[in-house]
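A.B. asks: only geometry, no sequence info:
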């Protein structure tokens, strides 16, 4: 089991890579570590934040994909109907874009710190973009 540390808005989470269910996504993300970006609040997906990646590609297809992630089930959307992105759900989420409902690869699950997911979402909502760091735990 491979664990990552996710740091954002003064909080730290431990998350498990879903290597059996999403091997291509996990391998591609691991190549980027440590990975630092900006996390902003989602526009259409409900209680979630996202990392917009534009035309950035990881050369992976759909695997272990869902439109209904639970809080802490982090998705990678490989692009297609909308821009490439990472979705960080902290509450009730239906993954979508202006084009409609989307499905993203569930590649990472928060296993420690879930009680702070909502706090991060509310900080991003009310205070704006926050730096997020993914690194080996």
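C.D. replies: On my side now, so go ahead. Owing to the predicted nature of the structure, the values given are computational and were not obtained by experimental measurement.

A.B. asks: quick one: contacts for residue 27?
C.D. replies: Applying CB atoms under 8 Å, 6 or more residues apart in numbering to residue 27 gives no contacts. To be clear about C-beta, it is placed using only N, CA and C from the backbone, and glycine gets the same treatment.

A.B. asks: Shouldn't it be within a helix?
C.D. replies: Yes: counting by DSSP: H, G, I helix; E, B strand; the rest coil, residue 27 is found in a helix.

A.B. asks: Find me the pLDDT at it, would you?
C.D. replies: We note a pLDDT of 96 for residue 27 in this prediction.

A.B. asks: which residues does the residue nearest to residue 65 when sequence neighbours are not counted contact?
C.D. replies: Nearest residue to residue 65 in three dimensions, chain neighbours excluded: residue 103, at 4.1 Å (CB to CB, 6 or more residues apart in numbering). By CB under 8 Å, 6+ apart, the residues touching residue 103 are 62, 65-67, 77, 95.

A.B. asks: can you tell me which of those are in strands?
C.D. replies: Per DSSP state E, strands hold the following members of the contacts of residue 103: 65-66, 77.

A.B. asks: Please name the nearest non-neighbouring residue to residue 28.
C.D. replies: Per CB to CB, 6+ apart, closest to residue 28 is residue 58, 3.9 Å.
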